[in-house]
Each structure stands twice: as structure tokens, then as C-alpha cells.
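**Student:** turn this into a model:
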Amino acid sequence: MSLLIVPISSSFVGQPYLSWPRGSFLIQSSNLRHSYRPRRVKPVPRAALVEATPKPLPVIRDGSFQVLAVDRTDDIQAETRALSRAANASIYSPQLLVTKYTSRPIEVVRRTLQILTALGSFGFKLFLDQKNGVLDQNKRRRAAELRRIFTRLGPTFVKLGQGLSTRPDICPPEYLEELSELQDALPTFPDAEAFSCIEKELGVPLDSIYSSISPSPIAAASLGQVYKARLKYSGQLVAVKVQRPGIEEAIGLDFYLIRGVGFFINKYVDIITSDVVALIDEFARRVYQELNYVQEGQNARRFRKLYADKEDILVPDIFWDYTSGKVLTMDWVDGVKLNEQDAIERQGLKVLDLVNTGIQCSLRQLLEYGYFHADPHPGNLLATPEGKLAFLDFGMMSETPEEARFAIIGHVVHLVNRDYEAMARDYYALDFLSPEVDVSPIVPALRDFFDDALSYTVSELNFKTLVDGLGAVLYQYPFNVPPYYALILRSLTVLEGLALYADPNFKVLAASYPYFAKRLLTDPNPYLRDALVELLFKDGKFRWNRLENLLVQGSKDRDFSTKEALQPVLKLLLGPGGEELRTLVIKEAVRVTEVFTLGTIIDTYNSMPIFMRTFIANGNAAGPLMMSDAELQSMVELRAQVLRIWGLLRSSENFDPSILLPILQVLQQPEGRTLGGRVLGGITQRLAARLLQQVLRVPAVASG
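**Tutor:** All right, here's what the predicted structure looks like:
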């Protein structure tokens with residue numbers, strides 16, 4: 001077999017491309033073999049080795065990727081082999097770090113001096129600001145300085161700064177905003193070391209794996225760098241991520257030192273109420289997980305299984321035979337970063353459509369399955385030429401506890417209802433507060449902020465304003481924001497920020513409403529059924545406007561089903577604990593039936609000749625029924641609203657008259673017959689009272 005070297009200028013430079021930074025890949029839309037003149041040389045230098053005539057195996061289509069028709073058993077075996085190659089991957093252990101670095105005092109002292117020199121001057125400036133009374137005025141300036149310091153100190157501190165940018169309970173808003181701008185792009189390491197790492201990790205020569213590989217990295221990040229390659233056995237384009245040499249040593253020493261600072265803060269800094277050591281340990285565990293590329297591959301597979309079922313979501317697949325603890329091989333994705341609006345529009349795509357796709361997928365991640373992408377910066381979200389949203393870089397993932405998923409939706413309901421006492425109690429379920437903390441002092445702070453923020457409607461509220469304002473509340477009180485919730489805020493804030501470039505009036509909460517409405521109307525979970533009742537009933541009265549709004553919003557969600565919306569309500573209504581709700585429903589059913597009955601009478605009366613109306617009205621030209629103008633207007637509005645709601649149900653794409661069958665089936669059950677009898681009895685009493693009032697009323701006396 002003859003081997004050819006592809007000079008970098010021939011195959012990878014001079015083509016249209018878009019960068020893919022911060023742990024992701026650079027995008028090239030053209031073919032890897034496009035336009036070059038190979039020259040025959042010895043295959044000693046580690047550059048791009050090319051087989052002259054690769055013979056790809058038969059492939060089948062899966063989305064926009066070509067996926068080999070490999071038996072599932074073979075895939076499982078390949079994953080098992082990859083796991084065995086990563087058997088010695090490091091895990092975070094504070095005890096092991098202490099044992100390791102207490103015996104290396106010179107390294108510890110050298111790195112400590114570097115850190116103290118950088119952070120000491122920053123701390124001294126803060127001290128002077130506080131002494132001179134300008135601490136608040138200089139917050140923005142100091143936050144920018146801290147961002148630059150973290151960048152200079154390297155990967156660990158860049159990651160730490162990114163982590164702090166999601167912690168409103170630790171950092172003031174100015175610091176959150178500055179640290180969120182951290183970029184972790186670093187200088188590349190030698191290609192020879194990268195290629196040697198690939199061969200060592202996979203146990204085979206480079207030219208037996210790839211028919212071509214870029215001689216230089218396409219992108220470099222804090223933990224590794226990425227090459228573009230073509231697999232020899234199939235001809236598929238892949239992205240190959242190779243871990244930076246010595247990265248474990250670098251971050252291990254840094255976390256050993258940072259953890260020591262955490263103990264000092266816990267003991268002497270009263271202004272920070274969270275357990276800093278626990279936060280550092282949690283963050284370090286996540287960073288160490290990123291060092292195990294087999295774990296990242298498993299994360300990608302799980303994410304793909306859960307969320308790539310939607311036609312507008314794309315998740316690259318993993319090649320297990322070419323993956324190890326320090327080498328990750330996955331599908332190559334052609335696309336444009338989501339924050340490059342002009343490039344996206346040149347492809348005939350709309351940024352807002354892609355952002356809405358991202359919001360809906362994020363809501364599914366956070367509130368449906370609970371497994372979500374924990375590093376959603378713009379470089380990890382790509383718009384493909386087909387209009388799909390591609391997710392990349394699965395090193396840092398997180399999970400939302402099941403109880404918290406429902407509590408978040410309930411929290412939105414309480415926000416809509418402006419029930420601040422219930423909102424404060426939600427923080428127990430969200431694990432923001434320990435049970436012994438009294439929430440009563442927090443309620444006024446929530447009321448002061450949200451009464452001002454919600455001067456219009458929740459859907460008009462800017463999410464960043466909400467996060468900043470809520471962050472200020474969290475910063476003042478003994479909150480301990482769980483990592484999953486901080487990452488949720490970051491995810492939605494990033495998406496809203498991307499959308500605001502395209503539309504300054506975009507509101508992420510408004511875009512999220514269809515999902516929340518669908519979940520409230522269709523989810524049978526008891527917590528959400530109670531939240532739905534709480535939203536629809538107030539002071540013993542049914543709020544038809546809320547139901548209409550939920551149906552309007554829910555119908556915008558592509559997965560909404562009117563048939564599914566009926567089931568949770570019926571189960572709650574006829575369940576053993578639904579007596580209180582049954583009483584409210586009976587009362588409202590009687591009222592609505594009365595409205596339609598009387599409305600029919602009035603419509604019939606108005607269609608009669610004048611002499612007949614005067615005779616029927618017993619000499620009173622005001623009408624056939626004794627009611628005030630206000631009562632008549634209320635009746636007309638209610639009937640119109642109920643008819644609009646029925647129209648919404650009928651106009652839904654999946655409407656089927658058979659959705660009424662469950663009601664008929666329910667009415668045949670003992671509980672249903674009892675309910676129907678109570679409604680019928682109530683209607684009879686109301687109409688009898690109306691008729692008696694009409695018969696006994698005093699005829700109008702002519703004046704004069």
C-alpha cells in the first residue's frame with residue numbers, strides 16, 4: 001500500500017471554514033480530499049497519511065450521518081473494549097491529592113507563588129476599594145480584571161471562572177457577567193505528541209486507522225485539541241479529540257491548592273454562606289469527568305438516545321474502536337456556530353427558529369428526562385445546512401432530580417399567580433434551603449422584586465432580568481444554589497442572549513410557555529395535576545381565561561394532544577382525593593350550563609316579534625328574565641369564552657371527536673353518575689329559582 005502526505009496548505013487551508021472553539025471543532029464544508037497535489041515521500045513525519053484508494057464498507061443513512069450497518073452486539077463489544085482502554089482514567093479524590101502533593105513541596109510552592117502573585121494583587125485592590133469606599137463603584141472593573149487573571153492562570157482557573165459564572169449565590173451580578181465571557185482557547189501542543197498519544201492509546205499505528213488526518217489541530221481548548229480525519233476502513237469524516245499532555249498533573253495540583261483556599265474561606269469569610277469546599281469538590285469531579293473521553297462518549301450516546309428523536313436535533317455518534325480515555329473519535333459535523341447570525345442567514349436559515357429549537361430541547365433536558373448538557377456555550381451549538389441544531393462536546397453533563405423537575409414547573413405556576421409564599425416554600429423542594437431555614441423574611445424580597453418585574457405579564461419578562469434580580473435575592477439570603485439549577489439558568493440565559501442579537505424583543509419565557517402549558521395540561525404526575533388546579537381555580541371560581549391561555553400556548557407545542565389533555569383532569573376529578581375539586585367543578589358546571597340555557601332563551605326571545613316579546617315578558621319590555629345589565633354582560637362573556645375554548649380544541653391538528661368518549665365512559669362509572677347527578681340537581685335548582693323569580697316579579701307600571 002502506498003502512502004501519501006497531504007500538506008496542510010493543500011487539504012485544510014484556503015477552504016471556507018468556521019471556527020468551533022472552547023473544546024469543540026472547527027467546521028469545514030468541503031471534502032477532505034478537495035484540490036491537492038500529493039507528492040510521494042517516506043511515511044516517517046507524522047502528518048496526514050493518505051491511502052490512495054480507500055474502500056468504504058456498505059453504509060446506511062441515519063439522519064445526516066452515514067452510519068455503518070454494524071450489529072448492535074459488535075457495537076457493545078467495541079464500547080467494552082473502549083472502557084478497558086480507559087480503565088486507568090483518573091477520578092477526583094481529595095485524599096489522593098493530599099497524599100500526592102504533600103510529598104512534592106517544591107512544585108506546590110512554585111505554583112502557589114504563581115497563583116498568589118496573580119490573585120494577591122487582585123485581593124489587595126479589593127481591600128483598597130473597600131477602605132476607600134469605592135467597592136461597589138469598581139465592581140465592574142475588578143470583575144474584568146479577575147476574568148483576565150483566570151485566563152492567564154490556565155485551564156483550571158478558566159474552568160473555575162466559568163463555574164463561578166453560574167453561581168449567583170456566590171458572585172454579584174457584575175462578576176457573573178464578566179466571568180461568563182471567559183474563553184478557554186489555549187496554545188496548541190506539538191502534533192507529534194498528539195499523534196503519539198493516539199497510537200499509544202489505541203495500540204495501532206496512525207496510518208492503519210486513518211486514510212488522512214490534518215497535520216495540525218483544527219482547534220485547541222483547555223483540555224485538548226481537535227483534528228479532522230477520514231477513517232481508513234469506511235471513508236467517513238470524523239473529529240478526533242486528543243487530550244493535552246500533563247493536564248491531569250496541572251489540574252490536580254491546582255485543585256489541591258484551591259481546596260485549601262476553600263477551607264480558609266469557609267472558616268474566615270462570613271459574606272459567603274455556601275460551603276465553598278463542597279462546591280470546589282463538585283466542580284473538580286465534573287472537570288475530572290471531562291478527562292475521561294470514554295465517559296464523554298457514553299454521555300453523547302445517552303444524550304443522542306434521549307433527544308435526537310426530534311427531526312430538528314442532531315447529535316454526532318461515537319466510534320468506540322477509535323476511542324479511549326484520552327482519544328475521542330466522533331462524527332464530523334458541518335455547521336455554523338449559533339452566534340454567527342450572518343453566516344446562518346446566508347444559508348437561508350433563521351437564528352430565532354434555531355434558538356426556539358434549542359429552548360424546547362433544553363426544556364426537555366431539564367424538566368422531562370432530567371439529563372442535560374451542562375456547557376451550552378455558543379461554540380457547542382451549531383446550525384447545520386439542513387436547518388438542524390447540533391449539540392457538541394458532552395464532557396460536562398448534569399442531572400435534574402425528579403422532585404426538582406416538577407417543583408420548577410410548580411414554581412412557574414406560583415410565579416404566574418404571584419403566590420410569593422408558595423414560591424418561597426418551593427425552595428425547600430428545589431434544595432435551595434435546608435428545612436430549618438425560615439422563609440418568611442424572604443417573601444417580602446420576592447414580592448418587591450417580582451411585583452415590579454411582573455408589571456405586565458410573565459411572558460414579557462426578560463429572562464436575564466429575572467436571573468439578575470433573583471440572583472440579587474439569593475445573594476442576600478442563606479441560599480445554597482444546587483449545581484443543576486445554576487446550570488439551568490446559564491443554559492437559558494445563553495439561548496436568550498443568542499436570540500437577542502437577532503431580535504432585541506425576544507423573550508425566552510414566552511418561547512418556553514408552550515412547553516409549560518403542554519406539561520400542565522397533559523402530565524398525569526400528581527404534583528403537576530395539583531399545580532394545574534391551583535392555576536385554574538382561585539377563591540372557589542374557575543378562571544376560564546387561564547384555561548384559554550393554556551390551550552392557546554399548549555397548541556403551539558408540536559407534541560400537544562387534546563386527547564392527552566383530558567386524561568389527567570378526569571383522573572384527578574374522580575380520584576379518591578378529588579372531593580374538593582369535584583365540588584368546585586360541579587359549581588362551575590352548573591354555572592356554565594345555566595349560562596348556555598339562559599343564553600338560548602334570550603336568543604330565542606330576541607328573534608321573536610315585538611308583540612310576542614312584550615306578552616312573554618309579562619308587560620316588561622326589559623326582557624324575559626330578571627337580571628341586571630352587568631349580570632347579562634358577564635353571562636355573554638362567559639358563554640363566548642367557553643365557545644372559544646371549544647373552538648381551540650376542535651381546531652387542533654389532532655382533534656378527534658373520540659376524545660369525548662372518555663367522558664362518556666367516566667359518566668357510566670358510579671363516581672361519574674354521582675357527579676352527573678349532582679350537576680343535574682344543581683342546574684335544576686338554579687333554573688327553578690330563576691323561573692320562580694320571573695313568575696313572581698312585579699310588572700312594570702306605566703308612567704303618567
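
**Student:** what average pLDDT does stretch 315-324 get?
**Tutor:** The average pLDDT for stretch 315-324 rounds to 95.

**Student:** give me the contact list for that stretch.
**Tutor:** Residues outside stretch 315-324 that contact it (CB atoms under 8 Å, 6 or more residues apart in numbering) are 62, 65, 67, 75, 78-79, 81-82, 85-86, 201-202, 209, 231, 238-240, 293-294, 297, 300-301, 303-304, 307-308, 328-333, 390-392. All C-beta atoms are positioned from the backbone trio N, CA, C, and that covers glycine.

**Student:** end-to-end on it?
**Tutor:** 20 Å (CA to CA, to the nearest Å).

**Student:** same check on stretch 179-193?
**Tutor:** Terminal residues of stretch 179-193 are spaced 32 Å apart (CA to CA).

**Student:** need the contact partners of it.
**Tutor:** Under CB under 8 Å, 6+ apart, the answer for stretch 179-193 is 21-23, 46-47, 143, 146-147, 150-151, 154-155, 158-159, 161-162, 164-165, 171, 215-217, 219-222, 225, 244-245, 490.

**Student:** run the last query once more with 6 Å
**Tutor:** Stretch 179-193 is contacted by residues 21-22, 46, 147, 158, 161-162, 164-165, 217, 220-222, 225, 244-245 when judged by CB atoms under 6 Å, 6 or more residues apart in numbering.

**Student:** name the member of the residues you listed with the most neighbours.
**Tutor:** Neighbour counts for those (other CB atoms under 10 Å) peak at A221, which has 26 neighbours.

**Student:** and that one, how far from T112?
**Tutor:** 26 Å (CB to CB, to the nearest Å).

**Student:** any idea which element the spatially most central residue of the chain lies in?
**Tutor:** Centroid check for the chain by CA atoms, centre = their mean gives S362 as the closest residue, at 2.8 Å. Per DSSP states H and E: S362 is located in helix 351-364.

**Student:** that helix - contacts with which helices or strands?
**Tutor:** If you count contacts as 3 or more CB pairs under 6 Å, 6 or more residues apart in numbering; DSSP states H and E, helix 351-364 packs onto strand 389-391, helix 483-502, helix 508-522.

**Student:** paired strands for the shortest one, with orientation please.
**Tutor:** Listed by DSSP bridges, the sheet partners of strand 389-391 and their directions read strand 313-314 (parallel), strand 381-383 (antiparallel).

**Student:** show residues contacting that strand.
**Tutor:** I313, L314, V315, V333, G335, L354, T357, G358, H373, L382, T384.

**Student:** could you rerun that using 8 Å?
**Tutor:** By CB under 8 Å, 6+ apart, strand 389-391 touches 303, 307, 312-316, 333, 335, 338, 354, 357-358, 361, 373, 380-384.

**Student:** now these: which count as buried?
**Tutor:** 303, 307, 312-316, 333, 335, 338, 354, 357-358, 361, 373, 380-384 (16 or more other CB atoms under 10 Å).

**Student:** just the buried members of the contacts of stretch 315-324?
**Tutor:** 65, 75, 78-79, 82, 85-86, 201-202, 209, 231, 238-240, 293-294, 297, 300-301, 303-304, 307-308, 328-333, 390-392.

**Student:** strands - which of these land there?
**Tutor:** F65, L231, V238, A239, V240, L328, T329, M330, D331, A390, F391 (DSSP state E).

**Student:** out of those residues, give me the two with the largest separation.
**Tutor:** L231 and F391 (22.1 Å; CB to CB).

**Student:** excluding sequence neighbours, find me the nearest residue to L520.
**Tutor:** L532 (4.8 Å; CB to CB, 6 or more residues apart in numbering).

**Student:** make sure that neighbour is actually in contact with L521.
**Tutor:** Yes. If you go by CB atoms under 8 Å, L532 and L521 touch, sitting 7.0 Å apart.

**Student:** for Y288, helix, strand, or coil?
**Tutor:** helix (DSSP: H, G, I helix; E, B strand; the rest coil).

**Student:** residue contacts, the residue nearest to the centre of the chain?
**Tutor:** Here S362 is in contact with F372, H373, P376, S491, L492, L495 (criterion: CB under 8 Å, 6+ apart).

**Student:** how many other residues sit next to V595?
**Tutor:** When neighbours are defined as other CB under 10 Å, V595 has 17 of them.

**Student:** so which helix or strand takes in the residue nearest to L520?
**Tutor:** In the assignment (DSSP H and E), L532 maps to helix 526-536.

**Student:** pull the CA coordinates from that helix and hand them back as PDB.
**Tutor:** Taking C-alpha atoms only, helix 526-536 is exported to PDB below (Å, rounded to 0.1, in the frame of the first residue of the first chain):
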ATOM      1  CA  PRO A 526     -49.900  14.300  40.900                       C
ATOM      2  CA  TYR A 527     -47.700  17.400  41.600                       C
ATOM      3  CA  LEU A 528     -48.500  18.900  38.200                       C
ATOM      4  CA  ARG A 529     -52.200  18.000  38.400                       C
ATOM      5  CA  ASP A 530     -52.300  19.900  41.700                       C
ATOM      6  CA  ALA A 531     -50.400  22.800  40.000                       C
ATOM      7  CA  LEU A 532     -52.900  22.900  37.200                       C
ATOM      8  CA  VAL A 533     -55.900  23.100  39.600                       C
ATOM      9  CA  GLU A 534     -54.100  25.800  41.600                       C
ATOM     10  CA  LEU A 535     -53.600  27.700  38.300                       C
ATOM     11  CA  LEU A 536     -57.200  27.300  37.100                       C
END
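
**Student:** could you give the angle of that helix to helix 508-522?
**Tutor:** Angle, helix 526-536 to helix 508-522, by axes from the mean of the first three to the mean of the last three CA atoms, to 10 degrees: 110 degrees.

**Student:** buried sites along helix 526-536?
**Tutor:** In helix 526-536, counting by 16+ other CB under 10 Å, buried: L528, R529, D530, A531, L532, V533, E534, L535, L536.

**Student:** list the buried ones in the helix or strand hosting V443?
**Tutor:** Following DSSP H and E, the helix or strand that holds V443 is helix 442-453. For helix 442-453, the neighbour count (16+ other CB under 10 Å) marks I442, A445, L446, F449, F450, A453 as buried.

**Student:** so how far is that helix off the chain centroid?
**Tutor:** A distance of 25 Å separates the centroid of the chain from that of helix 442-453, by CA atoms, centre = their mean, to the nearest Å.

**Student:** kindly report the same for stretch 339-356.
**Tutor:** 19 Å.

**Student:** check stretch 640-647 too.
**Tutor:** The answer for stretch 640-647 is 33 Å, by CA atoms, centre = their mean.

**Student:** ditto for stretch 632-650
**Tutor:** 35 Å.

**Student:** for it, which positions count as buried?
**Tutor:** M635, L638, R639, V642, I645, L648, L649.

**Student:** could I get those as CSV with pLDDT, secondary structure and distance to R346?
**Tutor:** Converted to CSV, the buried residues of stretch 632-650 look like this (pLDDT from 0 to 100; DSSP: H, G, I helix; E, B strand; the rest coil; distance: CB to CB, whole Å):
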residue, pLDDT, secondary structure, distance to R346
M635, 74, helix, 57
L638, 76, helix, 52
R639, 77, helix, 52
V642, 76, helix, 49
I645, 73, helix, 44
L648, 70, helix, 39
L649, 68, helix, 42
